[in-house]
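Asks: no FASTA, just this:
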């Protein structure tokens, strides 16, 4: 992930991290569902305190740009990636209906790809 901290900036480091992740998601460089690095690893990579990166992730989550799933990690949300709400709702409905029909997630995705690939 392309994040650089400017130690001379008046913007606090946690805010630099938060802004950069939000920018990358909005630009499509972090797609919906992209897993962010664990807090400790990103903190180490950037030379920051763990609490600094944790605060950035917390603020991103409060804004609805990421979701944290415990040990499964923190992922970029569709909202952060600029996916329209109607498209998210359609995807959620599709997921519910295919699950109710007994399709596995892989089979549901294969079906969507086949339909989208049709001329």
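Replies: Sure, I can see it. This structure is a prediction, so every number in the text was calculated from the model and none was measured.
Asks: identify the bridge partners of the spatially most central residue of the chain.
Replies: In the chain, the C-alpha nearest the mean C-alpha coordinate belongs to residue 76, at 0.7 Å (Cα atoms, centre = their mean). Using DSSP bridges, the beta-bridge partners of residue 76 come out as residue 66.
Asks: determine the longest helix present in the protein.
Replies: helix 85-100 (DSSP state H).
Asks: what's it packed up against?
Replies: On a contact count with 3 or more Cβ pairs under 8 Å, 6 or more residues apart in numbering; DSSP states H and E, helix 85-100 meets helix 105-117. Using the backbone N, CA and C atoms, a C-beta is placed for each residue, glycine as well.
Asks: re earlier: in the longest helix of the chain, which residues are buried?
Replies: Neighbour counts using 16 or more other Cβ atoms under 10 Å place residue 98 of helix 85-100 among the buried residues.
Asks: would you pull up how far that helix lies from the middle of the chain?
Replies: The chain centre lies 18 Å from the centre of helix 85-100; the measure is Cα atoms, centre = their mean, to the nearest Å.
Asks: what is the orientation angle of the lowest-mean-pLDDT helix or strand in the chain with helix 105-117?
Replies: Using mean pLDDT, DSSP states H and E, the weakest-scoring helix or strand in the chain turns out to be helix 85-100, at a mean of 82. Helix 85-100 and helix 105-117 are oriented at 130 degrees to each other (axes from the mean of the first three to the mean of the last three Cα atoms, to 10 degrees).
Asks: what's in contact with helix 85-100?
Replies: 78, 79, 105, 107, 108, 111, 112 (Cβ atoms under 8 Å, 6 or more residues apart in numbering).
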